[in-house]
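Visitor: I would like to see how this sequence folds:
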Amino acid sequence: MKTEFLDLPPVSTARGTLRLPGSKSISNRALLLAALAEGDTLLHDLLSSDDVDRMLDALRTLSVDWQHAGGDDYRVRGTGGHFPVRKADLFLGNAGTAFRPLTAVLALMGGEYRLHGVPRMHERPIGDLVDALRQVGARIDYEGNEGYPPLRIHAARLNDAAVVRVRGDVSSQFLTGLLMALPLTGRAVRIEVEGELISKPYVDITLALMRQFGVAAERQGWQAIELPANARYVSPGDCYVEGDASSASYFLAAGAIGGGPVRVEGVGRDSVQGDVAFAQALEQLGARITMGPNWIEAQAPESGRLSAFDLDLNHIPDAAMTLAICALFADGPSRLRNIASWRVKETDRISAMATELRKLGAIVEEGADYLAITPPAALTPHAAIGTYDDHRMAMCFSLATLGGVPVRIMDPGCVAKTFPDYFARWAEVAA
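Guide: Sure thing, here's the model as predicted:
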């Protein structure tokens, strides 16, 4: 039965060590590449969550053979770039990391497919990806609103296009989908990015995983990426999924706000995930950060209070949400800039964040691509925080309890999208 709300008690300090769940971004990319590769892949530490379940379900529907290998390990039998099933109906929930790459791959697979999700997924744009795929001969129809799912994919009529152009300023997942799919054509292709590419570190994750599976793309700044001719995905045998750096942000922020030290294990200095840059952002707020190859630790500033900030957060849009909560604990007004992509995420996160921060007493100015937040002298207790079926809203606002106030989180089960046992883990460090 769905839990309507969870009451979190006030918290005075945060300290402890925890192992992070696997990265959602890495898990779903690695699953799809393992399915497309030649040979079997043993994926270690795969994230257990709704989004990854949607990818696993889709691969099973497409007759990709995968088996649970114990713990969080999965063995995937690669198809050599040809999924056995050429006609399927795929429900992908609200999992953008499954929907966008699968759209690109299936558009070049030579079959008939229908892709759809929850109502919010049908409000999240995909037109830029479809436009790019059509440049190489993909045939994709919209069932409803132009530019949005649901989609019907027909067998492509591939052409000789050597250059594909895609907009980069709405979602980096469009470029990720193209990168993962275009090697299936066997041809050399140059992808040119139009406009400013957002969330660049997520594209670096894609490129790093593609290299691991035998396809080395050449990035030319952020304006173009060259894919080699005769590329094919080959299993590396074993593939290890890092801990989720976005999920790390809640616990690192807890250490910075609530004294600490709080240490997260599974990401660190050697991580391929851009969201480890959240730790550097915390340092700019005065937090004391130490880092090893596979761990990060955060403590409060020596002054005891975070500094107000004005930061461009285009490169870490998911982790940036946690900084909006940090602004409640800063010594003055703060500004989060260049976050327009929040508008097309699981919910309109700029509007949602502004609404819920005000319930805690903050003064919030909301713009097209920014939030300006003035913290209250004291947080308003007993705020009932709406979560908008958005996992990150629920996790972020748990941090408000560090202001010494009880907080009610509505629909706490939405965290299952990426971190099903989040609140149990939160209780381990929050005292």
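Visitor: what residues go with each domain of the protein?
Guide: The chain breaks down into these domains under the TED database: 5-21+242-429, 24-227.
Visitor: and of those domains, who's closest to Ser235?
Guide: Between Ser235 and the domains of the chain, the tightest spacing by C-beta to C-beta is seen for domain 24-227, at 3.5 Å. In this view, the C-beta of every residue, glycine as well, is placed from N, C-alpha and C.
Visitor: distance between the ends of the closest one?
Guide: End-to-end distance of domain 24-227 (C-alpha to C-alpha, to the nearest Å): 25 Å.
Visitor: quick one on the thing from earlier: any chance of JSON lines for the domains of the chain, columns mean neighbour count, distance to Tyr233 and mean pLDDT?
Guide: Converted to JSON lines, the domains of the chain look like this (neighbours: other C-beta atoms under 10 Å; distance: least, C-beta to C-beta, whole Å; pLDDT from 0 to 100):
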{"stretch": "domain 5-21+242-429", "mean neighbour count": "20", "distance to Tyr233": "18", "mean pLDDT": "97"}
{"stretch": "domain 24-227", "mean neighbour count": "20", "distance to Tyr233": "4", "mean pLDDT": "97"}
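Visitor: so which helix or strand takes in the spatially closest residue to Ala384 that is not a sequence neighbour?
Guide: In space, and not counting its chain neighbours, Ala384 is closest to Arg408: 4.4 Å by C-beta to C-beta, 6 or more residues apart in numbering. For Arg408, the element it lies in under DSSP states H and E is strand 407-410.
Visitor: and that strand, C-alpha only, in PDB?
Guide: Written as PDB, here are the backbone C-alpha positions of strand 407-410 (Å, rounded to 0.1, in the frame of the first residue of the first chain):
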ATOM      1  CA  VAL A 407       9.200  18.000   8.400                       C
ATOM      2  CA  ARG A 408       6.500  15.900   6.700                       C
ATOM      3  CA  ILE A 409       7.500  14.400   3.300                       C
ATOM      4  CA  MET A 410       4.500  13.600   1.200                       C
END
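Visitor: could you shift the numbering so residue one becomes 51, and keep it that way?
Guide: Sounds good: first residue 51 from here, last item strand 457-460.
Visitor: state the phi and psi torsions of Pro356.
Guide: For residue 356 the amino acid is Leu, not Pro. When quoted as degrees, to the nearest 10, the phi and psi of Leu356 stand at phi -70, psi 150.
Visitor: please verify my assumption that it contacts Leu335.
Guide: Yes - the criterion here is C-beta atoms under 8 Å, and Leu356 meets it with Leu335 at 4.4 Å.
Visitor: who touches both of the two?
Guide: Contact criterion C-beta atoms under 8 Å, 6 or more residues apart in numbering; residues shared by Leu356 and Leu335: 306, 376, 380.
Visitor: now the first one: how far from Asn388?
Guide: In this view, Ala306 and Asn388 are 22 Å apart by C-beta to C-beta, to the nearest Å.
Visitor: ditto for Gln334
Guide: Plainly put, Gln334 is 15 Å away from Asn388 if you go by C-beta to C-beta.
Visitor: what ranges does the stretch 101-250 of the chain have for its strands?
Guide: All strands of the stretch 101-250 of the chain, identified by DSSP state E, counting those that start in this stretch, fall at 116-118, 124-127, 137-141, 162-166, 189-192, 201-204, 213-217, 239-244.
Visitor: Ile400 is nearest to which of those strands?
Guide: Closest of the strands of the stretch 101-250 of the chain to Ile400 is strand 213-217, at 20.0 Å (criterion: C-beta to C-beta).
Visitor: list the strands paired with the closest one, with their directions.
Guide: Applying DSSP bridges, strand 213-217 is found paired with strand 239-244 (parallel).
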